[in-house]
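Asker: This is a predicted model, with the sequence first.
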Amino acid sequence: MAAPIDRSTRRFLIAFRYAFAGIGHLLRSQRNFQIHLLIGAIAIALGVVLRIARWEWVALALTIGMVLAAEGFNTAIEATVDLATSERHPLARIAKDVAAGAVLLCALTAIVVGLLIFGPRLWLLWVILT
Ligand SMILES: Nc1ncnc2c1ncn2[C@@H]1O[C@H](COP(=O)(O)OP(=O)(O)OP(=O)(O)O)[C@@H](O)[C@H]1O
């Protein structure tokens with residue numbers, strides 16, 4: 001018979017369930033998250049096809065994770081602000097704009113990383129094919 005799960009392990013597993021519910025919410029309702037996920041999947045496929053190096057996989061994984069996590073924080077901040085007030089308030093605007101700005105910074109960084117990894121290879125491929 002399997003050993004019973006102790007209380008702290010149970011809490012730990014429940015916390016995971018809530019975290020996955022949060023990711024499920026992002027997947028179902030956040031268009032920007034879906035777009036970033038699709039771009040991440042394309043970058044991974046490109047990495048496989050172009051056989052990028054291990055350190056490049058590390059950079060790619062960190063970048064994709066950073067952008068998706070930023071989208072999550074942005075969504076959480078938006079929900080918190082909307083919960084706190086339904087009125088227009090300068091601080092609500094700052095909170096939402098700064099959160100959106102942080103996502104943009106991550107996305108711009110991801111573009112730079114993508115160009116550094118794939119740019120030279122795609123350029124070479126272009127030169128060979130044309
Ligand atoms: N309560 C508020 N007070 C002042 N400005 C706000 C408020 N809510 C939203 N804004 C402004 O409107 C912008 C858009 O807000 P909104 O809540 O529509 O988010 P969003 O970026 O369109 O995200 P989503 O489409 O995912 O809900 C914010 O970035 C902010 O500048």
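Answerer: Noted; the coordinates are in hand. Computed from a predicted structure; not experimentally measured.
Asker: If we go by neighbour counts, what in the biggest helix by length in the chain is buried?
Answerer: Determined from DSSP state H, the single longest helix within the chain is helix 90-129. Buried positions in helix 90-129, judged by neighbour count with 16 or more other Cβ atoms under 10 Å: Ala92, Ala95, Lys96, Ala99, Val103, Cys106, Ala107, Ala110, Val113, Gly114, Ile117, Phe118. (Glycine included, C-beta is placed from N, CA and C.)
Asker: again, but for stretch 61-80
Answerer: For stretch 61-80, by 16+ other Cβ under 10 Å, it's Thr63, Ile64, Met66, Val67, Leu68, Ala70, Glu71, Gly72, Asn74, Thr75, Ile77, Glu78.
Asker: Narrow these to those in helices?
Answerer: Those of the buried residues of stretch 61-80 lying in helices (DSSP H): Thr63, Ile64, Met66, Val67, Leu68, Ala70, Glu71, Gly72, Asn74, Thr75, Ile77, Glu78.
Asker: ok so, going back, would you list the buried residues of stretch 61-80 in JSON lines and tack on distance to the ligand?
Answerer: What follows is those, written out as JSON lines (distance: Cβ to the nearest ligand atom, whole Å):
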{"residue": "Thr63", "distance to the ligand": "22"}
{"residue": "Ile64", "distance to the ligand": "20"}
{"residue": "Met66", "distance to the ligand": "19"}
{"residue": "Val67", "distance to the ligand": "15"}
{"residue": "Leu68", "distance to the ligand": "15"}
{"residue": "Ala70", "distance to the ligand": "13"}
{"residue": "Glu71", "distance to the ligand": "9"}
{"residue": "Gly72", "distance to the ligand": "12"}
{"residue": "Asn74", "distance to the ligand": "8"}
{"residue": "Thr75", "distance to the ligand": "7"}
{"residue": "Ile77", "distance to the ligand": "10"}
{"residue": "Glu78", "distance to the ligand": "6"}
